[in-house]
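J.: Fold the following and give me the result.
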Amino acid sequence: MGDRNLRSPSSFSMVKIKKKNPHGNPKLPSMGRLSSNDSYFLRKSVLWYSPRGALALLAGGIIWHLAMDYSDPSRIAQILDSGGFEAIKDGIIEIEIPKSQATFHQYVLSPEEVDLICGVYHIIQEPGKTPKQISWWPRPNAWAHSGLDLGYWSSECESWYEEMLNRINEGTAKLRTSHDWKRALTRNKKTQKFLKKMRDTCSNTLEQIY
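T.: Numbering: from 1, shown residues only. Have a look, this model is predicted:
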């Protein structure tokens, strides 16, 4: 891993900008000033190697890949083994199957942890208004509605990821809003329609079984 971690998208600071720049857009921290002492880098390191870090490795999609790219390969098994119930119970979601008494539990990252992983900036331009959120990487919702999310990490996903990584390392990447990410990741619009029909069919089958 080494120096790559310091240049990777996962080492950018998440900041809140409370004042609007009178000369234009709000100023964000320079990518060239990042170091291993950067507070964001340190917070993310704490997350990866905590029991909660196991959830990132189990999340799938872009969150999974960022976790795999950032984590020390020799410690991945250790991270997964540390994800006990007591450590992750705060992120539990109950899923009830209609017409059945069966309840399944899904463990998820908190919104703050997702923002940390995706390098989200909260820009407060005007008091009282909802902060504008921009990020280096798409958050799970934008990824799930993209033409790249096929339910597995394809060669096209990897090509896109490497291209984004290179842009960030070169300083040519642009921070995007959730809406911008959805537009940038559209690809084939029929992909998500097909996947929705497939999921609906699977859901109907499960309802009949239970």
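
J.: which residues in this structure form strands?
T.: 16-17, 92-96, 103-107, 120-123, 132-135 (DSSP state E).

J.: any weak-confidence spans in this protein?
T.: Low-confidence segments of the chain (pLDDT under 70): 1-41, 78-107, 187-199, 210.

J.: Tell me, how many residues neighbour S146?
T.: 23 (other CB atoms under 10 Å). Where you see a C-beta, it was placed from the backbone N, CA and C, and this is true even at glycine.

J.: Make residue 1 into 26 and carry on from there
T.: Okay, residue one is now 26; in that scheme the one you just asked about reads as S171.

J.: roughly how far apart are it and P165?
T.: 10 Å (CB to CB, to the nearest Å).

J.: can you check I142 too?
T.: I142 is 10 Å from P165, by CB to CB.

J.: These two: who's more crowded?
T.: Neighbour totals were compared for I142 and P165, and I142 leads with 27 against 18 (other CB under 10 Å).

J.: Would you confirm that that one contacts W73?
T.: No. I142 is beyond contact range of W73, at 9.1 Å (criterion: CB atoms under 8 Å).

J.: what is in contact with those two at once?
T.: Common neighbours of I142 and W73, counting by CB atoms under 8 Å, 6 or more residues apart in numbering, are 81, 92.

J.: Mind listing the residues bridging to the closest residue to L200 other than its chain neighbours?
T.: With CB to CB, 6 or more residues apart in numbering as the criterion, L200 has its nearest non-adjacent residue at 4.1 Å, and that residue is I159. Beta bridges link I159 to Y146 when assigned by DSSP bridges.

J.: Run a quick neighbour tally on I159.
T.: 19.

J.: what does T202 give?
T.: Neighbours around T202, by other CB under 10 Å: 14.

J.: so how far is E151 from it?
T.: On the measure of CB to CB, T202 and E151 end up 16 Å apart.

J.: Pull the contacting residues for P152.
T.: P152 neighbours (CB under 8 Å, 6+ apart): none.

J.: Kindly report the same for K154.
T.: For K154, the contact set (CB under 8 Å, 6+ apart) is empty.

J.: That one and E181: what is the separation?
T.: In terms of CB to CB, K154 sits 37 Å off from E181.

J.: now G144
T.: 22 Å.

J.: Looking at the two, which is more packed in?
T.: G144 (23 against 12).

J.: Nearest spatial neighbour of the more buried one, chain-adjacent residues omitted?
T.: W161 (3.8 Å).

J.: next one: A81
T.: A92 (3.8 Å).

J.: For this structure, which segments count as helices?
T.: 29-32, 64-73, 78-83, 86-95, 101-106, 110-113, 136-143, 165-169, 180-195, 203-209, 215-234 (DSSP state H).

J.: Pick the most deeply packed of those.
T.: helix 78-83 (a mean of 22; mean count of other CB atoms under 10 Å).
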